[in-house]
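Trainee: Provide a 3D model corresponding to the input given below.
(one chain, ligands or ions: 2)
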Amino acid sequence: IFNQVELAPADPILGLTDAFKADPRSDKVNLGVGIYKDESGQTPILKSVKLAEQKLLDNETSKSYLGIDGVQAYNSAVQTLLFGEQHQVLQQQRTVTAQAPGGTGSLRVAAEFVARNTDSNTIWVSNPTWANHNNIFQSAQLQVKQYRYYDAPTHSMDFDAMLADLATAKAGDLVLLHGCCHNPTGIDLNQSQWQTIAELCLQKELVPLFDFAYQGFGDGVEEDAQGLRLVADIVPELIVANSFSKNFGLYNERIGAVTLVAKDQDTAKTAFSQVKSTIRGNYSNPPAHGALIVATILGDNELRAMWEAELQQMRERIAQMRVLFVDTLKSVGVSQDFSFISTQNGMFSFSGLNKAQVERLREEFGIYIVGSGRISVAGMTRDNMPAICHAIAQVV
Ligand code: PLP
Ligand code: TYF
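Mentor: Ligands and ions are numbered 1, 2, ... in the order given. Okay, here's the model as predicted:
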């Protein structure tokens, strides 16, 4: 039967990493995949994570299975991180959370839960969005539609177009929203836009699905959750798929969670039974290590403060690289305006570089950028910045 199988296309981002690894040039730079690098170009284990792991290693007594929904202390820590201590959706006990393998696993569980248990079969995603969204949702039998989001000529959000497209959605449709640090554009909704989207969802009975993979990489842990919290104040039902790959640097531990907010406690409980059924049919129950790390850090004042400081350091380094990038481009004589990059959020910016320019950067200079022109600013350092900017000066 295997001879009937057709070759799958490579992931546009992870495929680029393979090409990067195979490149023999020693001065190559990977600005493709969204992985945080420190000033020396490494992706370090956070100190708070190492300390938590040591604690776990010293104290663990069993490797017995977790429950289907994972570590309880983790799930409640996730809820507090998402909504804050006081939010009505927690006080009214209409929020349920299951640990899941990374943001990707959380999105997949959420999508499959919806597809199998409700009349909803359509999800709206921004154009552009993270390439894997299509793949995940289609694998879960959802139909994917796009809403306009980005205005390329002005490097800014086209909010009117977003509203116009979502106005054509039908009751029960899901709307994927990036909680913060939109991937790939780095452009987020402001508070009044969040309010407008929340009211539209309420009025048209659309269900927001938040993909929250970068909490703390925009303005701060609490600040980045303002959009989610505001929407949760207004709509009766929503879903969150969050990830700790980036903000705890736990990429290969595969740790995230799927959270449902329902209109009341009973509905939440019943829905959760089906979320667990979905998990059972996929991987039965999640791996423990990542969840125990996160729960240990968030449950310990000292470790939590250490983590927040480390996260702040990552966030501030990226912000510095944005400014340095714009300044260095100017100083090497690039007249094209790239100033918009310094005001965007998170790891990514849409550079506006076209396919041919991206190709030349890779072939002639060993600088790897996603074909769309998306740059992972988190891969820039003071050391590689001059080479990056000189190369861009050659291709624009
Ligand atoms: N959603 C977005 C927007 C992302 O950029 C990523 C990146 O990895 C994910 C989800 C997936 O997260 P994870 O690696 O935890 O599966
Ligand atoms: O967008 C990125 O670069 C990150 C990492 O299939 C990533 O989100 C990229 C592709 C993929 C999984 C993770």
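
Trainee: all helices of the stretch 101-250 of the chain, in order?
Mentor: 102-117, 132-139, 159-166, 191-204, 226-234 (DSSP state H, counting those that start in this stretch).

Trainee: Of those, give the one that comes closest to Arg360.
Mentor: Closest of the helices of the stretch 101-250 of the chain to Arg360 is helix 132-139, at 26.6 Å (criterion: C-beta to C-beta). In short, each C-beta sits where N, CA and C put it, glycine included.

Trainee: next one: that closest one to chain centre, how far?
Mentor: How far helix 132-139 lies from its chain's middle: 14 Å, per C-alpha atoms, centre = their mean, to the nearest Å.

Trainee: can you tell if it touches ligand 1?
Mentor: No. Helix 132-139 is not in contact with ligand 1 by C-beta under 6 Å from any ligand atom; minimum separation 7.0 Å.

Trainee: what comes up buried for that helix?
Mentor: Residues 132-133, 136-137 are the ones in helix 132-139 that count as buried (16 or more other C-beta atoms under 10 Å).

Trainee: Could you do stretch 257-266 as well?
Mentor: Those would be 257-262, for stretch 257-266 by 16+ other C-beta under 10 Å.

Trainee: ok, back up a step: could I get the buried residues of helix 132-139 as CSV with distance to Ser120 and pLDDT?
Mentor: Shown next, in CSV, are the buried residues of helix 132-139 (distance: C-beta to C-beta, whole Å; pLDDT from 0 to 100):
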residue, distance to Ser120, pLDDT
Asn132, 21, 95
His133, 16, 98
Ile136, 16, 98
Phe137, 12, 98
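
Trainee: Identify the farthest-apart pair in those.
Mentor: Going by C-beta to C-beta, the pair spanning the buried residues of helix 132-139 furthest: Asn132 and Phe137, at 9.5 Å.

Trainee: Now do the same contact list for Gly256.
Mentor: Residues in contact with Gly256 (C-beta atoms under 8 Å, 6 or more residues apart in numbering) are 99-106, 241-245.

Trainee: sorry, that was for Leu56
Mentor: Per C-beta under 8 Å, 6+ apart, neighbours of Leu56: 289, 292-293, 296.

Trainee: quick one: which of the residues you listed sit in strands?
Mentor: Judged by DSSP state E, the contacts of Leu56 include no members of strands.

Trainee: which of those residues has the most neighbours?
Mentor: Counting neighbours by other C-beta atoms under 10 Å, Ile293 leads those with 26 neighbours.

Trainee: Leaving out chain neighbours, which residue sits closest to that one?
Mentor: Ala52 (4.8 Å; C-beta to C-beta, 6 or more residues apart in numbering).

Trainee: Equivalent analysis for Lys37, please.
Mentor: Per C-beta to C-beta, 6+ apart, closest to Lys37 is Gly379, 5.3 Å.

Trainee: Glu39 is in contact with that neighbour, correct?
Mentor: No. The pair Gly379 / Glu39 is not scored as a contact, 11.7 Å apart, by C-beta atoms under 8 Å.

Trainee: between these two, which one's more packed in?
Mentor: Between Gly379 and Glu39, counting by other C-beta under 10 Å, Gly379 is the more crowded of the two (25 against 13).

Trainee: measure Gly299 to ligand 2 for me?
Mentor: Using C-beta to the nearest ligand atom, to the nearest Å, we find Gly299 at a distance of 27 Å from ligand 2.

Trainee: cool, and Phe113?
Mentor: For Phe113, the distance to ligand 2 - C-beta to the nearest ligand atom - is 21 Å.
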